[in-house]
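Novice: predicted structure and sequence below. I'll ask about it afterward.
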Amino acid sequence: RSGFLSSYTFSLLVVQFLQLETILPNLQMEGRQEAERLGRPELKVSCRNEEFDCYFSEDMSLGGRSQNAKSVGQLFIEFFLYYLRRFRFKDMVVSVRNGSPIEKVTKGWESSTSTTRHIMSIEDPFEVDLDLGRYITGKTRRILMQELERAYNILSSGGRLNFLLLDSQFTDPWMH
């Protein structure tokens, strides 16, 4: 449904956060560099006069073993804090393709149009001109930020995960 983020888009938020924590490597960037080095341009796919960035490294050892010593619980709390307070949705784009956020102005997404909003911009890593957050409205952004705040407050004060999942004033976001 429109107005909220899909599970795929939420997955990209998690991937971007883990890339920034140096837990996940950027296999797409590595794949692009590998293809250029080996002269394999066929990994950039064209379809209906559009190009899609399908580069992906097959070398799973690229990431190595992360030196990150944070617990899963600590990372979970920091995920909420990052998107709540550190990530600047106003002028940044989540870009797992680049391994780190990029500025909206570089994609031409600094302002909204009648058909596309750029309130919370998340770049599709394969169809790079597609903003997966384009359906977010001002109202649904407020709801999402309230839920990030609630999650952070509950978890950072020692609250249990089941309380976080069961106690939301937005139990069914599709009904609001």
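Specialist: Looks like it arrived, so ask away.

Novice: surely D91 and I102 touch.
Specialist: No. D91 is not in contact with I102 according to Cβ atoms under 8 Å; the separation is 10.2 Å. Glycine gets a C-beta too; all of them are placed from N, C-alpha and C.

Novice: more crowded one of these two?
Specialist: The residue with more neighbours, out of D91 and I102, is I102; 16 against 13, by other Cβ atoms under 10 Å.

Novice: hmm, V93 and the more buried one touching each other?
Specialist: Yes. Look at I102 against V93 with Cβ under 8 Å: they come within range, at 5.1 Å.

Novice: got any residues that touch both of the two?
Specialist: E123 (Cβ atoms under 8 Å, 6 or more residues apart in numbering).

Novice: in what helix or strand does V93 lie?
Specialist: Take DSSP states H and E as the rule and V93 turns out to sit in strand 92-94.

Novice: list the contacts of the strand or helix carrying F80.
Specialist: Element membership for F80, per DSSP H and E: helix 72-81. With contact meaning Cβ under 8 Å, 6+ apart, helix 72-81 is reached by 13-14, 17-18, 21, 23, 68, 70, 148-149, 151-152, 155-156.

Novice: please repeat the previous calculation with a cut-off of 6 Å.
Specialist: F17, L148, A151, Y152, L155, S156 (Cβ atoms under 6 Å, 6 or more residues apart in numbering).

Novice: what mean pLDDT does it have?
Specialist: Across helix 72-81, the average pLDDT comes to 95.

Novice: can you name the next helix or strand after the strand holding V93?
Specialist: Following strand 92-94 in sequence, per DSSP H and E, is strand 102-103.

Novice: and T22, how far is that from L130?
Specialist: Using Cβ to Cβ, to the nearest Å, T22 is found at 27 Å from L130.

Novice: any low-confidence regions in the chain?
Specialist: Residue ranges of the chain with pLDDT under 70: 1-2, 27-65, 113-116, 167-176.

Novice: going along the chain, name the helices of it.
Specialist: 7-20, 27-38, 72-81, 104-107, 138-156, 161-166 (DSSP state H).
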